[in-house]
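Could you look at this predicted model? Sequence included:
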Amino acid sequence: MEESSRATVIRQLHNAKCSSGKSYNQIAQETGLTNVYVAQLLRRQAQLKPDTVPKLRSALPQLTDDHIQQMMRPPMRSYDPCLIQEPTVYRLNEAVMHFGESIKEIINEEFGDGIMSAIDFYCSVDKVQGVDGKDRVVITFDGKYLPYTEQKVEHMASKQPMQES
């Protein structure tokens, strides 16, 4: 899909959300998805699964059959490199970069040599009230732990003798 038609679809999906008058949290509650995943669906950064279609149609009745078909296709996951200039995105990046080494050390200490998956991954944004009574942002990254593997030749499928059928 070319960039201009992708942008058109995203705009149409956001128009459907706006005309519903619902927040991401409300749509998330109605669909059983996280609020961030709902936003990812409407930005064409996640793929709509068949089991979720009826729930999303109910939550956003303005979605057309074409919208649903578009959303069910594997997305072209990407981002605009200029996005880093947006203050919220910049601060998120800054926070991850600032705390990243410490987070990595704790992951390694608790789990071993590995990483957090960004594919088997859940993310949500919540609003809570701090002890001082002021609003606070809580961002939850919930990713599967993926250990690095020792690369043994004997485990490489490409190095195994060909199997005869």
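The structure has been received and is ready for your questions.

what residues are up against the residue lying closest to G112 once chain neighbours are set aside?
For G112, ignoring the flanking residues on the chain, the nearest one in space by C-beta to C-beta, 6 or more residues apart in numbering is P147 at 5.8 Å. In this view, the C-beta of every residue, glycine as well, is placed from N, C-alpha and C. Applying C-beta atoms under 8 Å, 6 or more residues apart in numbering, one finds that P147 lies in contact with 111-114.

Looking at these, which are in helices?
Judged by DSSP state H, those include F111 as members of helices.

Now neighbour count too, for the contacts of P147, in TSV please.
Output for the contacts of P147, formatted as TSV (neighbours: other C-beta atoms under 10 Å):
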residue	neighbour count
F111	13
G112	10
D113	10
G114	14
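
circling back to that earlier point, beta partners for the residue nearest to G112?
P147 has these beta-bridge partners by DSSP bridges: G114.

From S117, how far off is it?
11 Å (C-beta to C-beta, to the nearest Å).

and what of K134?
In terms of C-beta to C-beta, K134 sits 33 Å off from S117.

Then L146?
Using C-beta to C-beta, one obtains 5 Å as the distance from L146 to S117.

Appreciated, that's everything.
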